[in-house]
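>>> sequence first, predicted coordinates after that:
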Amino acid sequence: MIRHHREQPIRPGFDDDGKAVWLAILQKLDELVRPVAAEVDAVEKNQQLSNQGKQDMLMKIGPRVVGNFVNLGIVLKQADTAKARLEKILFDPITSKPTGDAVVTFLREDSIRRTVGKAGAEAKFLKALDTDDLESARALLDWPGGPTVSDAIVKRGRVAYAQRTNPDAWQKLQYVEFLRENLAALAAPVAQWLIHLGASAESVQKATKAKD
């Protein structure tokens, strides 16, 4: 599992510091997994134990070692926090309402919606983001009665806007999402392994932050 992640290429454009962080995480996890795996292997090869005796010993390992994997959960939580912070920086300008009279804001946005019409909403949304007409973009996203701009178009517009207005933050977000995705892929099998070794689901989730 860890070897597989080591051998996967890191996305182009990530700097040496980013690569070093990811490889350090893998190294740390490898250092935690190896002694536990060796202990499991020793129990399974112990010919003096019955099958039930082996199972009993294996089920004692998980509760004893689960706390050693708390760093995996910490890093995963840090990635979530960083992702939320970067998304706020990049995308809040698109959705944040201006301060001032809410009625005036609604009337201005309603006028934009009536001028554009539902048929032209998606094209206008993309053009609005491309020209920094964020008031129009917000108006079209907040169409009363349900969205008229599809999720695919919203994503396309957000990506283009982020790449144009803050390429550094966008690149950082790509790295954090890569890190988050791969951490989750590591946490899931580790969590199942620890549960298989007798650790409670609650203690495993608390340590690794793995999703069910």
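Yes, it's here.
>>> so what's the residue nearest the centre of the chain up against?
In the chain, the C-alpha nearest the mean C-alpha coordinate belongs to Arg180, at 4.2 Å (Cα atoms, centre = their mean). Residues near Arg180 by Cβ atoms under 8 Å, 6 or more residues apart in numbering: 76, 79-80, 83. For the C-beta atoms, the positions are set from N, CA and C on the backbone; glycine is no exception.
>>> any idea of the mean pLDDT in the one helix or strand it maps to?
Assigning secondary structure by DSSP states H and E places Arg180 in helix 167-196. Average pLDDT, helix 167-196: 91.
>>> in that helix, what's buried?
Neighbour-count burial for helix 167-196, counted by 16 or more other Cβ atoms under 10 Å, picks out 169-180, 182-184, 186-187, 190-191, 193-195.
>>> show me which pair in the contacts of Arg180 is furthest apart.
Leu76 and Lys83 (10.6 Å; Cβ to Cβ).
>>> between these two, tell me which one has more neighbours.
Taking neighbours as other Cβ atoms under 10 Å, Leu76 and Lys83 compare with Leu76 leading, 21 against 16.
>>> who touches the more buried one in this structure?
Applying Cβ under 8 Å, 6+ apart, the residues contacting Leu76 are 180, 183-184, 187, 208-209.
>>> and Thr148, helix, strand or coil?
Using DSSP: H, G, I helix; E, B strand; the rest coil, the secondary structure recorded for Thr148 is coil.
>>> list the contacts of it.
Counted by Cβ under 8 Å, 6+ apart, Thr148 has contacts 118, 121-122, 140.
>>> for Ala121, see how far away it is.
4 Å (Cβ to Cβ, to the nearest Å).
>>> what do those two both touch?
Leu140.
>>> low-confidence regions, the chain specifically.
1-17, 212 (pLDDT under 70).
>>> could you pull out the helices for the protein?
2-7, 16-45, 51-65, 70-95, 102-116, 121-130, 134-141, 151-165, 167-196, 201-208 (DSSP state H).
>>> deepest of these, which one?
Mean neighbours per residue, mean count of other Cβ atoms under 10 Å, is largest over these for helix 134-141, with a mean of 21.
>>> you'd agree Trp22 is up against Asn182?
Yes - counting by Cβ atoms under 8 Å, Trp22 does reach Asn182; the two are 7.4 Å apart.
>>> run a quick neighbour tally on Gly120.
13.
>>> can you tell me how far it is from Val159?
In terms of Cβ to Cβ, Gly120 sits 21 Å off from Val159.
>>> now do Pro147
18 Å.
>>> what do you get for Phe106?
According to Cβ to Cβ, Phe106 and Val159 sit 28 Å apart.
>>> ditto for Leu141
From Leu141 to Val159 the distance is 15 Å (Cβ to Cβ).
>>> tell me the contacts of the residue sitting furthest away from the middle of the chain?
Farthest-out residue of the chain from its mean C-alpha position, per Cα atoms, centre = their mean: Gln48, at 45.9 Å. By Cβ under 8 Å, 6+ apart, the contact set of Gln48 is empty.
>>> how about a cut-off of 10 Å?
By Cβ atoms under 10 Å, 6 or more residues apart in numbering, Gln48 lies in contact with Lys54.
>>> Val204 too?
Applying Cβ under 10 Å, 6+ apart to Val204 gives the contacts 62-63, 66, 69, 73, 187, 190-195, 197, 210.
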